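Undergrad: Fold the following, please.
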Amino acid sequence: MQRAREKNALTREKSALTRARRLPAPRPLSRVLERQRPPPSEDSFGAEWHSVRRYLVDSWKDVVRFIPQDVLSGVTVAAVALPLNLALAVASGLPPSAGLIAGVVGGGIAAMMGGTPLQVTGPAAALSTMVFALVARFGVAGAAAAAMAVGGMQLLLSLGRAGRLMKYVPESVLAGFTTGVGIKLLDQQIPELLGFDYRVFELAQMMHRPEWLHEVSWLSTLSGLAVAFLVVAARHLKRFPAALVGVGIVTALASYLGWDISRVGEVPSSLPPPSLPALQGRWLELFAAALPLGILAAAESLLSARVTDRMAPNARPHQPTLELLGQGLANLGSGVMGGMPVTGVVVRSGVNVQSGGRTRLASFLHSASLLFVMLYLSDQIAKVPLAGLAGLLCVVGLRLVEVGTLVHLWKEERVEAVAFLVTAAGTLSGHLVEGLAGGMVIHAVGAWLHRRRHKPHPSAPSQEQKQQGVRAVLSRAHAAARHPSHLEASPHSLGWLRHIKSRPLMSSSSFVHPQAAVIGRVVLGDHVHIAAGSSVRADEGTPFHIGANSNIQDGVVIHALKERKVMVGGEEWAVYVGKNVSMAHNALVHGPCYIGDDTFVGFKAVVHDAVVGSHCYIGIGAIVVGVEVPDGRFVPHGTIVDTAEKAERLPPVSEAHREFNEDVVDVNRGLAAAYRTQDGEVRQTTRPLATHNNTEPTSGWTNWRRSRDERF
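TA: As a prediction, this is how the structure comes out:
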């Protein structure tokens, strides 16, 4: 017995030691305090660069998931970019190799380090006129030096987080600049297309004398017009490389028939060694001359990034600080290798999106494809007619001229139209800085006049009163008490009694808990689950639509303002909820409102006067007011989204979010069936939906609505 007791005691001691080994070691106090510290502010320098690093790492992690799509897209974009790079280099007064080097080196670095995964970087038509002026002043080496200067400026802008400031450049100034560039590009390329040295202005003066027709090179004109016609005719075929096909056909015909027209000439079949441009002590002068170019290149890249985000709403939205960093490194690399300044380009980025590109690998493969062409197809590139590239550039120039924007500004806000014209005139005349400054000043004056015309409401408190906590300042008349004898007529004209008496229209497979309130004209689709304690009130704004397989959980309130609608399929709805939508506990949805299919609205979230796209995920306690949220976006927990800019910057929804909503939809569909079984009968309405498999608005619903209106 004594041995048994000793053995048991030893066993208990060993078990205690084993449990002690399994217990986690106590955390140091410094680590505990570190976890209790509040996170850094989003405006702090450290938080910004932490976000940049995380963005870059996460965007590279996406690459392995979409390799086949990115390979196809990268090759397609290269087919479009190749003739553009050659043409823009020639238009800038540089050898064609400068455009290829810029696309290979600059495009590759920007693809690896940029802040817009789907953006394609290379030479841009918007910068070609400024590069041409620098080449005329500093020589061919001036373009490479300008690229390095632009890269240094963009790195400084990135360190200063200036990407956030670019959003304040008005649309009228940007449109005026691009229009001026387009007209100037046409002025440069039309003579090349016709095969003589006259400028457009000089040509206009000779139009009354037909002798100038004898100086036209008709073979050059035919080559350029053929390329331009094919590009314009195939503009709706987004994935068809019309520019490459057109230039290739013209090159083959000119070579086979032996046409005597100007060609691109010799192109190096290898990348040159890295070197600094030789400017012989003129670096400071060049830096001053390239300052406007650096600012415009940064603005062009960020503008292109914003457009790319709109074209690909399901992709990762751009990070402006990282975008400027990537563009700066790209320009430095292009300059060191003898290339020309580069920027993000909307045309090539649009081709990338249309071709199915999903990650930054597509942009990188575009540069790799250009390198392959440079190494192994340089002899064929040397035979390309310059007139064919001129025809392509004429199409690009016409597309840059924004006549529609000018007409719209002239009708809506003439001060902004004047800013447009001043900027365009400055660009055309070569006084770019003065034109941009003049446009910005006119825009500022217009904004000041607008504020003068729209003074704040008299009840708005002063700044001092706001600091003291005063919300509004009202006159004594606003505080007068109502006379007891006053009697206000009942508002029967608003039709609220008719709304309340209207009965919901339910599918036989939907379920409304007895402790839930569904009032007024509400259409419930198949397998809809309205949980206990929820309130769906179509008594003020009406009617409501809740699509198939959607669920309204405990404490959710759905209501709408009177006479405010959303149009869906040609019919008006105060609140329209699509299919497979989940509204978690205590969420508030207040119309006018549209919520797309497969969307999740989180606990205590608020959606008011908004349009939420499909496959979205609204986090816990988030507020979405007065905006349109694109498809496939995630609204982080506690975030307030009340401007279009905030909506555009929302990150994409993850697969985990999508799967979570799918699970919630499946569970609630099962709960609806279980509750119906518990009741012992399937809930039926007086008149079921016309087609149970289609919960869209039907003519049956319209007729039912008309009959209810006649009764009440």
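Undergrad: buried ones in stretch 367-385?
TA: Buried residues in stretch 367-385, counted by 16 or more other Cβ atoms under 10 Å: 367-371, 373-374, 378, 381, 384-385. For every residue, glycine as well, the C-beta is placed using N, CA and C.
Undergrad: Which members of those occur in helices, if any?
TA: Per DSSP state H, helices hold the following members of the buried residues of stretch 367-385: 367-371, 373-374, 378, 381.
Undergrad: Any chance of the residues you listed in a markdown table with pLDDT and distance to residue 255 as columns?
TA: Below are these laid out as a markdown table (pLDDT from 0 to 100; distance: Cβ to Cβ, whole Å):
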| residue | pLDDT | distance to residue 255 |
| --- | --- | --- |
| 367 | 94 | 28 |
| 368 | 94 | 27 |
| 369 | 90 | 23 |
| 370 | 90 | 22 |
| 371 | 92 | 24 |
| 373 | 86 | 17 |
| 374 | 87 | 20 |
| 378 | 80 | 15 |
| 381 | 79 | 12 |
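Undergrad: Tell me the one of those nearest residue 632?
TA: residue 367 (27.9 Å; Cβ to Cβ).
Undergrad: Would you agree that closest one is in contact with residue 114?
TA: No. Taking Cβ atoms under 8 Å as the definition, residue 367 is not a contact partner of residue 114, at 11.8 Å.
Undergrad: I'd like the average pLDDT over stretch 452-459.
TA: Mean per-residue pLDDT for stretch 452-459: 58.
Undergrad: Apologies, that question was intended for stretch 504-513.
TA: 86.
Undergrad: buried sites along it?
TA: For stretch 504-513, by 16+ other Cβ under 10 Å, it's 504-507, 509-513.
Undergrad: How far away from the center of its chain is it?
TA: On the basis of Cα atoms, centre = their mean, to the nearest Å, stretch 504-513 is displaced by 39 Å from the centre of the chain it belongs to.
Undergrad: ends of that stretch, how far apart?
TA: Terminal residues of stretch 504-513 lie 14 Å apart, using Cα to Cα, to the nearest Å.
Undergrad: just to revisit the earlier point, out of the ones in helices among the buried residues of stretch 367-385, flag the one nearest to residue 638.
TA: Nearest to residue 638 among those: residue 367, at 40.5 Å, using Cβ to Cβ.
Undergrad: tell me the contacts of that closest one?
TA: By Cβ atoms under 8 Å, 6 or more residues apart in numbering, residue 367 lies in contact with 78, 103-105, 107-108, 111.
Undergrad: export these to a markdown table and tack on neighbour count, distance to residue 525 and pLDDT?
TA: Output for the contacts of residue 367, formatted as a markdown table (neighbours: other Cβ atoms under 10 Å; distance: Cβ to Cβ, whole Å; pLDDT from 0 to 100):
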| residue | neighbour count | distance to residue 525 | pLDDT |
| --- | --- | --- | --- |
| 78 | 26 | 47 | 83 |
| 103 | 34 | 52 | 93 |
| 104 | 27 | 54 | 94 |
| 105 | 27 | 56 | 95 |
| 107 | 35 | 49 | 94 |
| 108 | 22 | 51 | 94 |
| 111 | 27 | 45 | 93 |
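Undergrad: Nearest to the middle of the chain, which residue? Look it up for me.
TA: Taking Cα atoms, centre = their mean, the centroid of the chain lies closest to residue 309, which sits 2.2 Å from it.
Undergrad: where does residue 17 land on pLDDT?
TA: 43.
Undergrad: picking that back up, which two in the contacts of residue 367 are spaced the farthest apart?
TA: Comparing every pair within these by Cβ to Cβ identifies 78 and 105 as the most remote, at 14.4 Å.
Undergrad: just the ones in helices among the buried residues of stretch 367-385 now: which is nearest residue 118?
TA: Ranked by distance to residue 118 (Cβ to Cβ), these are led by residue 367 at 14.2 Å.
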